[in-house]
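Undergrad: Any chance you can model this:
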Amino acid sequence: MLRRRTMAAAAAAAALCGTIATVGAAAEADEHRHPALTAPEPNTDTVTLPTGDQVRLLPGGALGLAPAAGREDIAFTTVPAADGEGTIVVPGDKADELLTGSEDARRYNVTELIEDGRTDAAALGEAALRSYAALPPVGGAAQDPTLTITVRDHAGDVPDSGWINWYDTADHENSGTLEFDADGVATADLEPGDYLLTHAVWNLGPGDQFTEYLFGISHVTVDDQTELILDGADAAPVTVEVERPDAELVDFSAGIEATKAGGPGAGVGIFGPSGTDVYLMPETDVPGYELAFLYQPKLAGPGGGTEPYQYNLAFAETGGFPDNTSYEVYDEKLAAVATDYIGLGEPVDGYTCDYGGHVSGDIGIPLCSYVYTPFPSQRLNLYTADPEIVWDTATEGGVYDPETESMLDGFKEELEDTVFTPGRTERTFPRGPLTAGAGEALVANVDGVVGIEAAVPLGAGHNGEQVVLDGYTGDVELGRDGQRLDWAAGIDPFEGFGFDLDRAGRYSLSVGGSREQASGPFAFKSFIDWSFDLDPAAIEPGEEQELVLPAVALTAPDVEGGLTANREQPISLELVRDTGEGLKAAAMELEVSYDDGFTWNAVDLDFDHDSGTATAVLHHPEDAAYVSTRMTATDTAGTEVEHTTIWAYGLR
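TA: Coordinates of the predicted model:
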């Protein structure tokens with residue numbers, strides 16, 4: 001998937017939910033443009049918390065955590081917002097402040113902040129925060145309690161901190177948070193009925209770092225006087241042992257949840273460093289709900305003087321909690337991916353983030369940590385290989401802004417729902433060639449105004465990868481029947497853009513731009529143009545539809561790191577859409593240039609009319625240094641595409 005962020009699917013949420021900004025002087029001057037298609041600022045997939053920690057939204061909905069410098073030993077837990085809209089990520093050293101209200105929990109509602117494109121939570125004013133929900137209200141000690149809960153840690157003592165969230169099973173919006181006192185007792189005056197409880201308690205060490213964390217889900221029926229004891233002495237340790245003796249736990253995430261068919265649920269999540277002992281409270285009967293559990297430990301070691309390695313493990317249980325939370329793992333049952341993080345010719349910084357979840361869907365709040373991965377470097381990545389576990393991975397490398405840590409120029413890949421099989425494989429990342437990629441686009445009707453929202457990667461790799469290049473500055477133009485309608489200038493088209501549409505016709509969309517070559521020389525100029533038939537009147541108010549903007553994927557198995565030494569080079573071409581899915585082409589052409597696009601040479605393609613794909617052998621001159629490409633294709637729906645890339649790849 002080439003998308004930079006998730007595009008909203010609900011037209012009721014104001015068509016595209018403002019997930020992609022409309023930009024450009026022409027857009028600003030267009031008074032009839034609908035507000036929903038004119039977001040006030042560009043969206044982002046990353047928010048910086050007031051603590052300096054960064055949280056990023058990953059492709060499958062997981063949250064990637066990058067603690068600020070000096071905060072690598074801080075644990076995080078998650079709490080749903082009071083109105084159920086959003087997830088609040090709570091750093092361990094801010095838990096008490098957030099619970100008491102001395103720290104504004106709305107600045108930590110990461111999913112809502114990211115959806116609204118808020119990059120700096122600390123900088124938000126009170127007016128901007130009003131749209132975000134805080135923690136559920138904290139109930140003080142009740143004068144005449146109907147519910148009394150006593151909590152204890154694993155040693156039978158009163159824990160340092162924690163909370164208990166309660167939910168009326170008949171009305172989840174009727175909820176709150178209980179805070180226990182110095183004796184570990186929390187009370188509440190609740191109406192008689194059934195209540196779902198999610199609870200987490202912890203002990204803190206130096207620097208308010210989590211040293212022990214206990215979590216669980218319970219059920220209680222409240223009548224006249226009800227007492228409940230949550231005794232951590234009954235909790236089971238959550239641990240993992242691996243085969244390699246020098247492997248050490250780096251960090252972990254864990255989550256539990258209770259879900260009800262056709263109704264809301266609740267859960268608890270934690271992300272913590274190696275010094276945190278985790279315990280799962282025993283499974284209890286929660287009528288009407290199904291419990292689930294997920295544990296994701298990450299371990300690493302030097303490999304005994306050979307290759308560096310990293311364990312990415314995931315253990316999931318649905319339909320209840322596991323009977324045994326002490327896991328043992330053997331290398332022969334894992335997928336071992338020996339990865340050469342080769343880069344694109346320039347040494348740059350980079351990161352990886354791997355999240356493993358259950359095939360049926362997320363359990364709790366998915367969390368993973370960003371691991372520093374420089375380019376070039378090598379690492380053996382070991383993954384849980386289980387048909388019940390699917391992996392979402394994010395990999396990136398490039399040049400970063402030293403103040404905001406945002407990428408200025410580089411390459412990224414986000415993969416979803418990978419199921420690994422045991423055994424060793426090898427991979428080079430990234431590979432290339434790098435040409436313009438398929439666009440991701442929606443057309444929506446908001447109160448009678450039809451608009452198109454799109455995101456277009458001007459540099460993308462399809463050669464056994466789904467890489468996109470970051471850092472383009474370019475222009476976008478929309479036309480109809482040969483007439484220019486609107487445009488946007490000086491933007492990165494992959495960040496998104498939008499235009500209003502009026503009547504039916506043959507529309508054209510032209511995108512082009514250039515990038516700095518700080519992370520590598522390839523695809524420094526790129527252009528892509530589409531022509532397609534569209535009738536905006538066919539889309540009813542409140543409806544939306546995907547618009548397929550395909551691109552030609554160039555596959556060249558011998559290209560790695562953007563380079564090949566092969567002067568007699570077999571290649572293949574396939575028309576693809578933004579998801580990576582292949583499309584049948586009705587026609588296809590390819591031209592190459594060895595002088596930066598001044599002259600072009602047509603390539604004799606072997607076009608297969610049945611599959612709509614093509615193959616060829618390129619005969620590169622001995623003195624050529626770079627291959628530029630110009631490709632055209634028409635799909636079976638009549639959409640035409642042409643894209644040109646200067647320096648798609650290089651020749652050794």
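Undergrad: Dig out what the residue lying closest to Glu179 once chain neighbours are set aside forms beta bridges with.
TA: Counting by Cβ to Cβ, 6 or more residues apart in numbering, Val138 is the residue found nearest to Glu179 once chain neighbours are left out, at 5.4 Å. To be clear about C-beta, it is placed using only N, CA and C from the backbone, and glycine gets the same treatment. Per DSSP bridges, the residues bridged to Val138 are Thr177.
Undergrad: Report pLDDT for Val138.
TA: You'll see Val138 listed with a pLDDT of 73.
Undergrad: Might one say that it is in contact with Thr100?
TA: Yes: using Cβ atoms under 8 Å, Val138 is in contact with Thr100, at 7.4 Å.
Undergrad: what's the overlap in contacts for those two?
TA: Common contacts of Val138 and Thr100 (Cβ atoms under 8 Å, 6 or more residues apart in numbering): none found.
Undergrad: what's Ala247 in contact with, if anything?
TA: Contacts of Ala247 (Cβ under 8 Å, 6+ apart): Leu299, Ala300, Gly301, Tyr309, Tyr311.
Undergrad: ok so, going back, what's the neighbour count on the residue nearest to Glu179?
TA: A count of nearby residues for Val138, using other Cβ atoms under 10 Å, gives 13.
Undergrad: What distance do you get for it to His643?
TA: From Val138 across to His643, the span is 56 Å (Cβ to Cβ, to the nearest Å).
Undergrad: what do you get for Asp606?
TA: Distance from Asp606 to His643, by Cβ to Cβ: 21 Å.
Undergrad: Would you mind telling me which of those two has the busier surroundings?
TA: Set Asp606 next to His643 and count neighbours by other Cβ under 10 Å: His643 wins out with 25 against 11.
Undergrad: Would you double-check that the more buried one falls in a helix?
TA: No: using DSSP: H, G, I helix; E, B strand; the rest coil, the assignment for His643 is strand, not a helix.
Undergrad: That one touches Arg630, doesn't it?
TA: Yes: with contact defined as Cβ under 8 Å, His643 counts as touching Arg630 (7.5 Å).
Undergrad: give the contact list for the residue nearest to Glu179.
TA: Leu99, Thr100, Gly101, Trp163, Gly176, Thr177, Leu178, Glu179.
Undergrad: Could you do Gly432 as well?
TA: Leu344, Gly461, Asn463, Phe522, Ala556, Val559, Glu560, Gly561, Gly562, Leu563, Ala648, Tyr649.
Undergrad: Tell me the one of those residues nearest Ile229?
TA: The nearest member of those to Ile229, counting by Cβ to Cβ, is Gly461 at 57.0 Å.
Undergrad: Spatially nearest residue to that closest one (excluding sequence neighbours)?
TA: Closest to Gly461 by Cβ to Cβ, 6+ apart is Val467, at 3.8 Å.
Undergrad: which residues does that neighbour bridge with?
TA: Going by DSSP bridges, Val467 forms beta bridges with Glu413, Gly461.
Undergrad: So Thr119 versus Ala127, what's the distance?
TA: 17 Å.
Undergrad: Next: Glu227.
TA: Counting by Cβ to Cβ, the gap from Glu227 to Ala127 is 44 Å.
Undergrad: who has more neighbours, those two?
TA: Glu227 (12 against 7).
Undergrad: still on that earlier bit, looking at the contacts of Gly432, which is nearest Pro50?
TA: Closest to Pro50, out of all of the contacts of Gly432 and judged by Cβ to Cβ, is Leu344, at 35.4 Å.
Undergrad: shouldn't that closest one be in contact with Gly520?
TA: Yes: the criterion here is Cβ under 8 Å, and Leu344 meets it with Gly520 at 2.7 Å.
Undergrad: what is in contact with the two at once?
TA: Listed as contacting both Leu344 and Gly520 by Cβ under 8 Å, 6+ apart are Phe411, Gly562.
Undergrad: so where is the chain shaky, pLDDT-wise?
TA: 1-44, 140, 303-305 (pLDDT under 70).
Undergrad: Who are the contact partners of Ile539?
TA: Val443, Ala444, Asn445, Val450, Gln545.
Undergrad: So which of those residues belong to strands?
TA: Among the contacts of Ile539, the members falling in strands are Val443, Ala444, Asn445, Val450, Gln545 (criterion: DSSP state E).
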